[in-house]
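Enquirer: I'd like to go over a predicted model; first the sequence, then the structure.
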Amino acid sequence: MSAPTFGAGVNFKGKRVDFMRISLARPVTAAAILAALALPALALDGPPVAPVRPVTNTYWGQAVVDPYQWMENDKNPEFQSWLKAEDDFTRKTLADIPGRAALKSRIEALSNAGTIVYQVTTAGPYYFYLKQGPADNSPKLYVRKGLKATERLLVDPEKLGSKDVHYSIDYFVPSRDGALLAYGTSPGGSEDSTLGVLEVATGASQDEHIARARFGVTAWAPDGKSFFYSRLAPLPASAPPGDKYKKSMIYRHVVGANADGDRDEAELGYGLSPDVRVAPDELPLLAYSPASPYAIAVVQKFVKNEFTLYAAPVDSLHGATTPWQKIADESDDVTSFTLHGQAIYLLTHKDASNFKILRTDLGRPEIARAEVVVPAGAAVIKALGAAHDALYVQTLDGGIGGVLRVPFDGGAARPVALPYPGAVAEFSIDPDRPGALLKLTSWTKPQLWYAYNPKTGRTTDTHLRPKSPVDYSRITSVEVKARSADGTLVPLSIVYRRDLKRDGSNPTLLDGYGAYGITQDPGFNPAALAWLERGGVYAVAHVRGGGEYGEDWHLGGQKLKKQNTIADFIACGEYLVAEHYTSPARLAGQGGSAGGITVGGALTQRPDLFAAIIDNVGASDTLRIELSPNGPPNVPEFGTVTTEEGFKGLYAMSAYHHVRDSVRYPGVLLTTGIHDPRVDSWQMAKMTARLQAASTSGKPILLRVDYDAGHGIGSTKSQGIDEMADEWSFLLWQFGDKVFQPK
């Protein structure tokens with residue numbers, strides 16, 4: 001599931017023993033005794049059997065039986081015991097696959113062959129970035145004073161952890177002059193950030209340790225000595241899980257004033273200002289750019305892309321008395337913004353599915369009369385940012401990324417020359433600097449950072465990331481379209497080795513997501529060569545629910561229309577078979593997080609189409625997800641059972657509730673992280689137990705649990721390598737590859 005995002009520009013063949021009820025007319029077996037005592041029974045040649053305790057829930061007159069609702073109490077020792085036994089069985093099963101060790105060794109070699117650099121941010125004379133070299137298990141935070149200067153290590157998360165728990169950097173934001181830097185770290189992939197501050201010149205910590213800072217620093221104040229940050233409300237132990245993200249507040253923290261932030265002044269949030277109404281389940285944010293004398297208040301329904309905007313002079317900020325003035329309402333469909341002087345530039349899909357950019361005066365905002373700066377066109381506008389010299393706009397046209405430069409004086413928008421067609425993976429704009437920093441990549445090219453210079457009109461390599469030593473020359477890709485059930489043409493990206501024979505025999509992995517309007521842009525991980533060089537095919541289904549074709553594409557896979565997302569994924573699988581890239585015996589589907597709805601639907605609706613399924617940290621029981629901490633924030637995207645229409649949509653997309661008894665399901669590998677803050681581990685647990693009880697194929701249904709991870713965000717390189725080796729070995733086993741068949 002997605003986390004809230006801030007507007008750009010202000011910057012996952014063992015046999016099964018059936019559950020047995022104790023009966024006086026039947027011999028009492030060891031398995032039956034364990035079941036009766038509510039303990040997991042471990043089959044001699046299969047995973048532990050989960051007790052079935054049916055609970056009937058009634059929604060709008062419809063009774064829905066839930067056989068494993070007891071698992072939702074994830075603190076229950078019985079559940080934890082079953083979960084651990086599942087993971088133990090899975091780990092042993094996967095470790096015993098012949099060929100896994102050699103495959104892992106190859107993945108490891110490719111993963112360590114180059115250096116990754118991302119989240120490049122500039123402030124004053126400095127360049128800040130996260131970097132992961134061949135010897136690094138986790139990304140580290142570096143700084144350099146100019147592109148050609150020697151880099152310095154600022155934060156090393158590997159020094160924060162222990163043998164059993166690793167730490168990761170969640171975010172970092174420098175002050176305007178780059179003198180100070182605020183950053184968040186969290187343990188075990190939990191994303192439960194603690195906010196700290198350091199002095200950039202010396203690297204010295206300022207001893208700030210502010211807990212509950214999950215969504216981090218939103219902006220530094222003009223004085224460079226204080227910043228605005230989001231903090232979750234403290235909750236009593238008795239609070240329901242769904243309250244976790246309610247009533248968060250924006251505070252101003254003065255560096256050095258109070259180390260834990262408990263005496264910081266509230267600037268924005270629930271119940272604070274009569275001018276800015278914030279509901280308990282809404283997220284307040286506060287933005288400031290040195291390019292403007294105004295601060296911007298944002299009120300967002302978490303994952304809902306559209307928000308309400310207010311403005312006030314930055315020097316008038318003072319908590320409840322700040323004179324906020326509304327700029328745009330949620331109904332104005334604004335999804336991003338940037339500032340320059342008295343102007344605010346608004347990205348909106350109001351009457352423009354592919355988005356357009358408007359400009360209005362912050363002193364007298366009138367969105368109804370706002371000037372259209374960039375009209376809607378064939379390309380989807382994804383992001384915008386105001387640099388010192390011009391407005392820069394990121395676009396997506398048929399899978400190819402682009403950038404426009406739009407002069408502030410009203411001149412025509414012109415495309416920025418890029419070195420090759422591909423994707424703009426990251427887009428970094430600084431209001432104090434001209435030009436733009438761009439991370440470019442494609443399905444067959446490694447990521448590199450480029451700088452656009454408006455004086456020369458050239459885009460050149462910054463050398464922030466060295467070129468990959470991995471040879472990509474044998475890999476190619478093609479963009480096609482598959483016809484979905486309702487006739488809609490769905491974009492499908494296919495990556496493979498140039499000498500591939502389309503004879504239906506190739507091991508093929510089809511990936512899909514389809515939610516929040518997120519696009520699956522081209523990108524290449526060198527480790528993927530370990531799959532491709534074995535003759536494997538990697539394909540991405542750009543299903544509805546994503547944003548590849550703008551807001552209409554997003555809405556076409558949302559709520560009651562979620563079946564379109566699933567149908568699109570199935571259609572892409574059928575295309576790969578029809579065009580002889582593969583066959584059902586060698587086709588796998590994979591989805592993670594909200595993509596669990598996609599791949600779960602494909603599994604339950606077309607088990608005959610796939611030889612295997614990988615479900616990573618997937619949302620599978622959407623009827624009950626509202627009761628989890630991250631459930632209420634996701635209501636805008638998926639709906640709520642508190643309305644009849646919402647229930648119908650959630651029930652239709654809930655894969656868990658559509659698993660049928662006595663069906664020959666393919667092999668399934670499900671994964672979860674025990675600290676997952678987005679999709680609770682009981683989601684994957686319930687889906688695992690239900691599939692194990694229902695499937696009659698004899699193929700493995702395995703649950704992999706990482707006890708030092710969450711949603712995958714913040715996981716270490718070694719964790720990623722292990723999981724990739726497990727997943728691909730599992731697939732090749734299910735595909736019948738002789739090298740990967742257990743004895």
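Expert: Yep, it's here.

Enquirer: drop to CA atoms for contacts and neighbour counts, all remaining ones
Expert: OK.

Enquirer: who's V380 bridged to?
Expert: Beta-bridge partners for V380, by DSSP bridges, are L396.

Enquirer: Tell me, how many residues neighbour it?
Expert: For V380, the neighbour count with other CA atoms under 10 Å is 26.

Enquirer: Could you report the separation of it from I494?
Expert: 22 Å (CA to CA, to the nearest Å).

Enquirer: can you map out the strands along the stretch 51-200 of the chain?
Expert: Counting by DSSP state E, counting those that start in this stretch, the stretch 51-200 of the chain has these strands, from start to end: 55-59, 62-66, 116-123, 126-132, 140-144, 152-155, 167-174, 180-187, 194-199.

Enquirer: what angle do the fourth one and strand 167-174 make?
Expert: What that stands for is strand 126-132. Orientation check (axes from the mean of the first three to the mean of the last three CA atoms, to 10 degrees): strand 126-132 against strand 167-174 gives 160 degrees.

Enquirer: For strand 126-132, what does the pLDDT average out to?
Expert: Across strand 126-132, pLDDT averages out at 98.

Enquirer: which other residues reach it?
Expert: By CA atoms under 8 Å, 6 or more residues apart in numbering, the residues outside strand 126-132 that reach it are 115-122, 138-147, 178.

Enquirer: Likewise for the shortest one?
Expert: Outside strand 152-155, the residues that touch it by CA under 8 Å, 6+ apart are 140-144, 200, 203.

Enquirer: in the chain, which ranges drop under the pLDDT threshold?
Expert: Low-confidence segments of the chain, defined by pLDDT under 70: 1-44.

Enquirer: try 80 this time
Expert: Low-confidence segments of the chain (pLDDT under 80): 1-45.

Enquirer: Alpha carbons of stretch 499-513, as CSV, please.
Expert: Presented in CSV, the C-alpha positions along stretch 499-513 are these (Å, rounded to 0.1, in the frame of the first residue of the first chain):
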residue,chain,number,x,y,z
ASP,A,499,18.6,-14.3,-29.2
LEU,A,500,15.4,-15.4,-27.5
LYS,A,501,13.3,-18.0,-29.5
ARG,A,502,9.6,-17.4,-29.3
ASP,A,503,8.7,-21.1,-29.0
GLY,A,504,6.6,-21.0,-25.9
SER,A,505,9.3,-22.5,-23.7
ASN,A,506,10.8,-19.4,-22.0
PRO,A,507,10.4,-18.9,-18.2
THR,A,508,8.5,-15.7,-17.9
LEU,A,509,7.7,-13.4,-15.0
LEU,A,510,4.8,-10.9,-15.4
ASP,A,511,4.7,-8.1,-12.9
GLY,A,512,1.8,-5.8,-12.3
TYR,A,513,0.6,-3.1,-9.8
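
Enquirer: Now that stretch: buried residues?
Expert: 500, 504-513 (16 or more other CA atoms under 10 Å).

Enquirer: That stretch: how far from the chain's middle?
Expert: 25 Å (CA atoms, centre = their mean, to the nearest Å).

Enquirer: go on, stretch 734-743?
Expert: Stretch 734-743 sits 32 Å away from the centroid of its parent chain (CA atoms, centre = their mean).

Enquirer: again with stretch 363-376
Expert: On the basis of CA atoms, centre = their mean, stretch 363-376 sits 32 Å off its chain's mean C-alpha point.

Enquirer: Go ahead and confirm T672 touches L702.
Expert: No - T672 lies out of contact with L702 (CA atoms under 8 Å); the separation is 11.2 Å.

Enquirer: Mind listing the shared neighbours of those two?
Expert: Residues touching both T672 and L702 (CA under 8 Å, 6+ apart): there are none.

Enquirer: Using PyMOL, define a selection of the buried residues within the contacts of strand 126-132.
Expert: In PyMOL syntax, the buried subset of the contacts of strand 126-132 is picked out as below (16+ other CA under 10 Å):
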select buried, resi 115+116+117+118+119+120+121+122+138+139+140+141+142+143+144+145+178
